[in-house]
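I would like the atomic coordinates for the input below:
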Amino acid sequence: MLTYLHKKGIILYDEDLRKIFSIYKRQNEIDYFIHKDAEGFLKEQFDIYVYNWLFNDLDTDFDAATVKRMQNIKKIAHKVIEYIARFEDELKAIWEKPKFVRNCNYVLTLDKLDRDSLKNVLKFDFTKQIEEWLRLNFVDDSFIVKNIIDDFGKYKTLPLDTKNFSHKEKSYILSRFTNLEESIDGYLIKSDNWQALNTIKYRFENEIRCGYIDPPFNTGKDFEYKDGYQDSTWLSLMADRLLLTNNLLKDDATFFMHLDDNANVKGKLLIEDDFNEVAEIIFDTNATKDEETDLFGYKSFGNNFQMKHQTIFYCRKNKNFVFNKLWKPNRRETSLQIGWLDLIAKPNKEKAKKIEDYDFFIERYSDEGELKLSKIDVKGEKLFPIGDIWNDIFSFTQSEMRVSESFSFTSSQKPENLLRRIVQSSSNQRELILDYFTGIGTTAAVAQKLNRRWIAIELGEHIGEFYNNVDNQTKLGVLGRLKWVLYGDRNIVLPDADRRPHLTKDINWQGGGFFKYYELEQYEDVLARSQYQWQGKKVENQVEQYSFLQDQKLLDAIEIDYENKNAKVVFENLYPDVDIAETLSNLSGKHIKQIFEDKVVFEDGSEVVYAEMTFENYPWIKPLIWWNSKNSVDR
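Here you go, the predicted structure:
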């Protein structure tokens with residue numbers, strides 16, 4: 001690197017580089033924020049400072065000249081603050097502006113295409129797709145496309161990723177679906193989660209049935225994700241996200257927030273402001289097959305009571321919430337062949353008061369691939385209702401060796417059986433599940449297997465098909481895991497070991513599905529592309545003030561048609577990888593019905609033709625290009 005710099009005439013040495021990288025590292029570790037009301041905050045702080053300064057200096061002679069001088073200082077200080085606040089307000093507006101969708105692709109199994117469409121798709125160039133299948137260990141070196149035709153039953157759950165095909169081929173695949181949104185199971189979004197929640201707030205307003213988050217516990221350490229926030233930053237981070245979450249949840253929804261002793265007290269204070277009903281579930285992280293015993297390991301010798309639990313806060317907006325009552329048999333004595341599943345209780349009479357008043361079911365896939373409620377004969381069984389202490393679910397903190405689904409992400413990875421209980425108790429099939437601290441993707445994986453729809457949000461590099469962990473080892477990422485789920489993850493072949501998720505066996509999961517994944521434009525992307533035309537004006541006291549009123553914002557997106565006297569909006573000029581349909585769907589709040597190469601059709605019948613996208617035709621797209629603190633979207 002130094003040799004390259006010297007050739008370019010940049011004279012730096014090892015010590016210089018170490019200092020530069022040290023400064024860069026510190027900048028990324030320092031907590032920072034954009035103030036919501038910079039002008040009001042700074043003026044208030046200045047006034048407090050002046051007040052304290054004056055009244056602490058008892059020798060000050062408060063004559064007319066001194067008072068006049070202080071008034072002038074205050075006037076100048078407030079002018080400076082107003083100038084600074086203009087910058088801060090602009091940064092705030094950039095932070096809050098609607099964001100473009102980038103690198104949007106779709107993953108769908110072959111059985112999602114009708115016979116004629118599949119025949120046409122199999123004529124595409126499959127070179128990149130087969131390379132991906134090989135890397136994920138779905139097929140071996142002998143595989144050719146003709147195998148799909150010869151043995152469709154074996155290969156029907158191979159997942160196609162539209163990134164592996166041309167734009168025209170991708171458009172053809174998507175155009176085969178006459179109601180795209182209804183066909184899609186999930187959304188995997190790479191983004192800062194506040195930006196993602198703010199971007200989808202119109203599209204999924206009041207649509208989430210169940211939310212679960214497992215946020216950083218504020219331990220002061222970083223793992224595969226940032227977990228070294230200061231207390232004030234952590235509280236602000238969580239409060240802002242919970243506020244957006246509340247608007248996405250249905251009125252009868254439930255929300256789960258999973259914390260440990262590093263943050264549970266602070267977390268409860270936050271959620272009590274947003275939800276009327278808050279209860280606690282204790283998750284025993286030392287669970288064993290014998291509930292009367294316990295695990296014995298390295299934590300047994302610390303100079304403290306051994307921590308053996310985490311807290312899951314269970315929140316509702318009101319008392320009328322969706323809840324599926326769950327029961328379990330005595331796991332040591334039962335003859336029921338249900339694995340780790342709970343029993344779902346359905347009353348068989350109007351006022352059920354005893355066990356005989358309920359029928360019991362499990363969710364399990366038929367051989368035809370349909371998830372059904374299968375009735376279970378519980379005669380002679382000892383049944384117990386699931387309580388708020390969960391000591392029958394094996395965790396990855398201590399009991400990892402008792403399961404076979406750990407992806408070695410971090411010790412904080414949650415087991416599928418934990419999410420299975422949460423999802424089954426608080427939602428029904430095809431309802432929407434939200435997780436915006438996705439981690440390695442357990443919530444999305446479980447929701448997909450249980451025929452729920454899902455939204456998963458994550459920013460880390462582990463969101464991809466593969467990633468390199470802190471030890472530079474190649475690991476399966478979220479996207480790779482979800483492709484394995486669609487393929488049917490009875491035996492996940494990984495570089496270090498195989499995994500056999502217990503839930504897959506218990507419910508007879510056979511694979512199949514359809515989801516989309518994309519990344520969002522981020523705050524830094526907008527800053528890098530924004531343009532401003534600085535204009536000054538003289539005022540009476542000769543102080544030059546600058547205005548943002550003539551700013552050009554993201555001017556590169558505009559192409560002026562002088563002949564027809566209009567301004568065409570071309571998003572691709574900003575981001576060649578932009579997805580116009582998804583961007584406009586999030587902005588307008590309208591779900592997508594069909595996507596074509598030249599236009600998008602929404603569920604309400606309206607459409608946007610890309611070649612005709614001007615502010616005159618579609619004025620509601622303006623906040624994507626020009627923004628201010630007063631912007632609103634006319635939907």
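
From now on I want contacts and neighbour counts done on CA atoms only, so please keep to that.
Noted.

Where do the domain boundaries of this protein fall?
According to automatic domain parsing, the chain comprises the domains 2-96, 101-175, 180-286+308-520, 535-624.

what's the most buried one of those?
Compared across the domains of the chain, domain 180-286+308-520 shows the largest average neighbour count, a mean of 19 (mean count of other C-alpha atoms under 10 Å).

Contact partners for residue 311?
Shown in contact with residue 311 (C-alpha atoms under 8 Å, 6 or more residues apart in numbering): 258-261, 264, 280-283.

Go through those and name the one nearest residue 619.
residue 258 (42.1 Å; C-alpha to C-alpha).

wait, doesn't that closest one sit right on residue 213?
Yes. With contacts counted by C-alpha atoms under 8 Å, residue 258 reaches residue 213, the gap being 6.2 Å.

Specify the beta-bridge partners of the most centrally placed residue in the chain.
Most central in the chain under C-alpha atoms, centre = their mean is residue 457, positioned 1.2 Å from the mean C-alpha point. According to DSSP bridges, the partner residues bridging residue 457 are residue 189.

Which pLDDT value belongs to it?
In this prediction, residue 457 carries a pLDDT score of 98.

residue ranges with poor pLDDT in the stretch 101-250 of the chain?
Applying pLDDT under 70 to the stretch 101-250 of the chain flags residues 217-232.

Please list all residues in contact with the residue nearest to residue 371 when sequence neighbours are not counted.
For residue 371, ignoring the flanking residues on the chain, the nearest one in space by C-alpha to C-alpha, 6 or more residues apart in numbering is residue 365 at 4.2 Å. Residues in contact with residue 365, defined by C-alpha under 8 Å, 6+ apart, are 371-372, 507-510.

ok, back up a step: the residue nearest to the centre of the chain touches residue 195, doesn't it?
No. Counting by C-alpha under 8 Å, residue 457 does not reach residue 195; the two are 10.0 Å apart.

Just the strands from the stretch 251-400 of the chain, written as ranges.
277-284, 309-316, 326-329, 343-347, 358-365, 371-376, 383-385, 389-390 (DSSP state E, counting those that start in this stretch).

With respect to residue 579, which of those strands lies nearest?
When those are compared by C-alpha to C-alpha, strand 371-376 sits nearest residue 579, at 33.1 Å.

what's the closest of the domains of the chain to residue 526?
Of all the domains of the chain, domain 2-96 sits nearest to residue 526, with 6.9 Å by C-alpha to C-alpha.

returning to that earlier point: among the contacts of residue 365, which two are most distant?
372 and 510, at 13.4 Å, using C-alpha to C-alpha across the contacts of residue 365.

Out of the domains of the chain, which gets nearest to residue 527?
Taking C-alpha to C-alpha, domain 2-96 is the member of those nearest to residue 527, at 7.6 Å.

For that closest one, give the mean pLDDT please.
73.

and if you look at stretch 530-540?
62.

Next: stretch 362-379.
pLDDT averaged over stretch 362-379 gives 95.

Same question for stretch 593-605.
Averaged across stretch 593-605, the pLDDT comes to 95.

cool, and stretch 471-487?
Averaging the model's pLDDT scores along stretch 471-487 yields 92.

gap between it and the chain center?
Chain-centre distance of stretch 471-487: 17 Å, with C-alpha atoms, centre = their mean, to the nearest Å.

Residues in contact with it: which ones?
With C-alpha under 8 Å, 6+ apart as the test, stretch 471-487 has contacts from 107-109, 136, 138, 157-159, 407, 439-441, 444-445, 448-449, 462-469, 492, 494-495, 510-514.

redo that, cut-off 7 Å
Outside stretch 471-487, the residues that touch it by C-alpha atoms under 7 Å, 6 or more residues apart in numbering are 109, 157-159, 440-441, 445, 462-469, 492, 511-513.

show me what contacts residue 278?
By C-alpha under 7 Å, 6+ apart, residue 278 lies in contact with 272, 313-316.

Try it again at 8 Å.
Counted by C-alpha under 8 Å, 6+ apart, residue 278 has contacts 271-272, 313-316.

Let me know whether residue 255 touches residue 321 as I believe.
No. Counting by C-alpha under 8 Å, residue 255 stays clear of residue 321, with 10.6 Å between them.

per-residue pLDDT, the nearest residue to residue 327 once chain neighbours are set aside?
Excluding the flanking residues, the one nearest residue 327 by C-alpha to C-alpha, 6+ apart is residue 385, at 4.2 Å. pLDDT, residue 385: 95.

my read: residue 385 touches residue 326, true?
Yes. Between residue 385 and residue 326 there is a contact at 6.1 Å, judged by C-alpha under 8 Å.

quick one: secondary structure of residue 516?
Under DSSP: H, G, I helix; E, B strand; the rest coil, residue 516 falls in the strand class.
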